[in-house]
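Undergrad: sequence and predicted structure, then a few things I'm wondering about:
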Amino acid sequence: MSALSNLEVMDLDLDLNPDAGTLLPYESATEFHTAAPQAPAPHADTPAAHAAYAPAPAADATYAPPVPGAQAHVAPAAVPAAHAPHAPVAHAAAPHAAQIAVSADASLPVPQEQVTVAALLLQYDRECFVALPVHTTIELLDQAPVVEVPGAAYYCNGLTRWRGQWLPVLDLHALVNAYRREYAPKTRYLLIVAYQTVPRAPVRHGAIALPVLPGTVRVSDSAACELPSDGDLWPLLASSCFQIKGRAVPILDTGRLFGQYHG
Amino acid sequence: MTKALQSLPPKLRGNFVLLKADRLQLLLPQHDVGAAEYLDTAPRNSGQPGLFELDSKEEGGATRFLAALSTQMNLLPQYPKGRFLLTSFEAQGGMLMCWNEVKVLIDVDLQPQRLPEGVLSPDAPLREYVEFGDELAFCCTPQRLLEHAFAAKEGPA
């Protein structure tokens, strides 16, 4: 199972303007890269294909955790003011960053010449992480209002309004653990992601509720591992998995995450 | 474009009632909802969780039962503040529900949207919503509303 190929070769055929769409809202230590490929991938499973999606060479394969006081921003073009009634993340200090135990020195054992790609690392519970391919992530919202939906799935926090659409908001902790905590920590951030339920279907969007800011990680195939055995849902949600500092980090397939009911 | 339009639910035309209970907004056909009335006396606990009692307006009339919904459309154990408007659902035995706000929408033409399938359980009481500016209201019927509210009340929780 290739971690890289599942990060890169998704069925999403996003038609996003690189200047306005597939952006990621960090800078400096937590820099994100636009994920639009610079050139068509010649062969899906070759390093060249993976590299096409990795705009920056991975000089040191490291996870860059959000640091206290880190400034996050969203490129203005991504959020036209007319469509952003709630402010996107704007100079938001990262809370609980110290709780992310995967530190910057947790370098992946990746040789210099080996291709790595960036993934977005999401913490949904203490010491629990999942990853997303960067090209599926669109925008990070800070404290966006969520409207509850009566009778919705237990892992659905409700709907949030984004660019004229009402998007479902998923609680990863509730989904993975199959129950909703009575006193769940406040999920301050909403990560807007794109998904397709089948290839060539229209791109849809959903939101993932996060208690802390996401970080970035660079992943290589050498870090691939089996899915965690702590949940029955992983095979239904994840397309692959990699290991970082001894922890298995499933790579979520956003189409599977939002496209079907997981009750 | 045509395909997208075809996938939308049919339009809602006619008279509807918009019922607001805190952040919950429901849209029901007007013919399913009885005339609104003001609550002029404090309701009493009935002894049954989530149900409150009101004296009949007519002398010697039967006691009426009243329920208050949460934003999750479940019955609230305590009568909430600010719910001074009552509507009845005649087809469901005259059960009263209390609301913060009741609006009658006359001869409207509304385009409902489907809720995302991935977050709806098979027995979800709500499947569609209508946008009102930056807010939304869920399309419902008295039957589904009461079934959901009382099913939750009778559940293991």
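TA: Received the coordinates, thanks. No experiment lies behind these values; they were computed from the predicted model shown. Numbers count the residues shown, from 1 in each chain, chains lettered A, B, ... in the order given.
Undergrad: now name the helix or strand holding the residue nearest the centre of chain B.
TA: Centroid-nearest residue in chain B: B:Leu26, 5.4 Å away (criterion: Cα atoms, centre = their mean). Applying DSSP states H and E as the criterion places B:Leu26 in strand B:24-29.
Undergrad: quick check: buried residues in that strand?
TA: Within strand B:24-29, the residues scored as buried using 16 or more other Cβ atoms under 10 Å in any protein chain shown are B:24-28. (C-beta placed from N, C-alpha, C; glycine too.)
Undergrad: cool, stretch A:174-184 as well?
TA: Across stretch A:174-184, burial judged by 16+ other Cβ under 10 Å covers A:174-177.
Undergrad: and which of those is nearest chain B?
TA: A:Leu175 (10.3 Å; Cβ to the nearest Cβ).
Undergrad: which residue, neighbours along the chain excluded, lies closest to the closest one?
TA: A:Tyr155 (3.8 Å; Cβ to Cβ, 6 or more residues apart in numbering or on different chains).
Undergrad: could you give the number of residues near that neighbour?
TA: Neighbour count of A:Tyr155, defined by other Cβ atoms under 10 Å in any protein chain shown: 26.
Undergrad: so what's it up against?
TA: A:170-172, A:174-175, A:180, A:262, B:119 (Cβ atoms under 8 Å, 6 or more residues apart in numbering or on different chains).
Undergrad: put together JSON lines for those, with pLDDT and secondary structure on each row.
TA: Formatted as JSON lines, the contacts of A:Tyr155 follow (pLDDT from 0 to 100; DSSP: H, G, I helix; E, B strand; the rest coil):
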{"residue": "A:Leu170", "pLDDT": "95", "secondary structure": "strand"}
{"residue": "A:Asp171", "pLDDT": "94", "secondary structure": "strand"}
{"residue": "A:Leu172", "pLDDT": "93", "secondary structure": "helix"}
{"residue": "A:Ala174", "pLDDT": "92", "secondary structure": "helix"}
{"residue": "A:Leu175", "pLDDT": "92", "secondary structure": "helix"}
{"residue": "A:Arg180", "pLDDT": "81", "secondary structure": "coil"}
{"residue": "A:His262", "pLDDT": "88", "secondary structure": "coil"}
{"residue": "B:Val119", "pLDDT": "83", "secondary structure": "helix"}
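Undergrad: for the residues you listed, which one is nearest A:Ala119?
TA: Set against A:Ala119, the nearest of the contacts of A:Tyr155 by Cβ to Cβ is A:Leu172 (15.3 Å).
Undergrad: doesn't A:Ile208 make contact with that closest one?
TA: Yes. Judged on Cβ atoms under 8 Å, A:Leu172 makes contact with A:Ile208 at a distance of 6.2 Å.
Undergrad: find residues that contact each of these two.
TA: A:Leu122.
Undergrad: more neighbours: which of the two?
TA: Remark: of A:Leu172 and A:Ile208, A:Ile208 carries more neighbours, 28 against 24, as counted by other Cβ under 10 Å.
Undergrad: for A:Tyr183, see how far away that one is.
TA: 20 Å (Cβ to Cβ, to the nearest Å).
Undergrad: can you check B:Glu147 too?
TA: 29 Å.
Undergrad: cool, and B:Met97?
TA: B:Met97 is 29 Å from A:Tyr183, by Cβ to Cβ.
Undergrad: dump the helix or strand hosting A:Val217 to CSV, keeping only the CA atoms.
TA: Assigned by DSSP H and E, A:Val217 belongs to strand A:215-219. C-alpha atoms of strand A:215-219 as CSV (Å, rounded to 0.1, in the frame of the first residue of the first chain):
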residue,chain,number,x,y,z
GLY,A,215,-0.1,21.1,10.7
THR,A,216,1.8,19.8,7.7
VAL,A,217,3.8,16.7,7.3
ARG,A,218,5.8,15.3,4.4
VAL,A,219,5.2,11.7,3.6
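Undergrad: name the residues of that strand that are buried.
TA: Applying 16+ other Cβ under 10 Å to strand A:215-219 flags A:215-219 as buried.
Undergrad: quick check: residues of chain A near chain B?
TA: Residues of chain A lying close to chain B (Cβ under 8 Å from any Cβ of the partner chain) are A:85, A:147-153, A:155-156, A:159, A:161, A:166-168, A:170, A:202, A:204, A:206, A:257-263.
Undergrad: stretch A:142-155: end-to-end distance?
TA: Start-to-end span of stretch A:142-155 (Cα to Cα, to the nearest Å) is 20 Å.
Undergrad: repeat that for stretch A:246-263.
TA: 30 Å.
Undergrad: show me where the stretch 51-200 of chain A has helices.
TA: Applying DSSP state H, counting those that start in this stretch to the stretch 51-200 of chain A gives helices spanning A:172-177.
Undergrad: strands along that one, start to end?
TA: A:117-125, A:128-133, A:137-142, A:156-162, A:165-171, A:189-195 (DSSP state E, counting those that start in this stretch).
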